[in-house]
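Engineer: coordinates only, no sequence provided:
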Ligand code: T5A
């Protein structure tokens, strides 16, 4: 039996990590086996590539090269972490996945959609998300949260982009959700944490008949 695969998407500081962890905890409290993971990263090889991507050293190589690096990380992550867990009947909750590439590299980076979708097909195989939460917050709010959380550390490669860039991201995520309404649920991430968590839980209960 295949397990279930849920992804969290959205802009910086929208609450993905917070709500991925909250959902994982709630499922575990029901005795469900859960693997909580993230992208870029989630496996030994992918964590190495994460460092290259988020440090910004690959930025001068261009958006296509960054796209290929995200795909390389995803390939290792899917093979090493996601597929084994799904095959074992576990639930996988992933903080960012294919939609981040579609939006950051595809829409914002203007990378040819044929490259994006071709790499997607090759890297994920049968690991298609059953359900994707898109946490929606205005860019200013998300960036302020991300800044408050990182303290004196410097902003990473993507967080350092302009507010205008992040507003475009938000719009691109909403457009993506409209195109795939069966898989994607947009959740207002401005609401208090417990309200957002409850909205997510209700959707999971309904989708997987818990
Ligand atoms: N990327 C990634 C690509 O370009 N292409 C790809 O294919 C992939 C996979 C990853 C970067 O890589 C890019 C996108 C990203 O820029 P990352 O360090 O993993 O970088 O950063 P993010 O995924 O953006 O994660 P963040 O940590 O910035 O944001 P989250 O996870 O959305 O936010 P979270 O949960 O950490 O919350 C931030 C703060 O807000 C608070 C939390 O407590 C925390 O302090 N918070 C709330 N506060 C008030 N009300 C609420 N409802 C709140 N929810 C959370």
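Structural biologist: Received, thanks. Worth saying up front: this structure is predicted, and the values here are computed from it rather than measured.

Engineer: going forward, measure contacts between C-alpha atoms and count neighbours the same way
Structural biologist: Fine.

Engineer: what helices or strands is whichever strand or helix holds residue 94 leaning on?
Structural biologist: Using DSSP states H and E, residue 94 maps to strand 91-95. Under the contact criterion of 3 or more C-alpha pairs under 8 Å, 6 or more residues apart in numbering; DSSP states H and E, strand 91-95 touches strand 5-10, helix 16-28, strand 34-38, helix 83-87.

Engineer: same thing but at 10 Å, please
Structural biologist: strand 5-10, helix 16-28, strand 34-38, helix 83-87, strand 131-136 (3 or more C-alpha pairs under 10 Å, 6 or more residues apart in numbering; DSSP states H and E).

Engineer: so which of those is nearest the ligand?
Structural biologist: helix 16-28 (3.6 Å; C-alpha to the nearest ligand atom).

Engineer: which parts of the closest one are buried?
Structural biologist: 16-17, 19-20, 22-24, 27 (16 or more other C-alpha atoms under 10 Å).

Engineer: of those residues, which ones also sit close to the ligand?
Structural biologist: 16-17 (C-alpha under 6 Å from any ligand atom).

Engineer: take the buried residues of helix 16-28 and lay them out in a markdown table including pLDDT.
Structural biologist: Output for the buried residues of helix 16-28, formatted as a markdown table (pLDDT from 0 to 100):
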| residue | pLDDT |
| --- | --- |
| 16 | 98 |
| 17 | 97 |
| 19 | 98 |
| 20 | 98 |
| 22 | 98 |
| 23 | 98 |
| 24 | 98 |
| 27 | 98 |
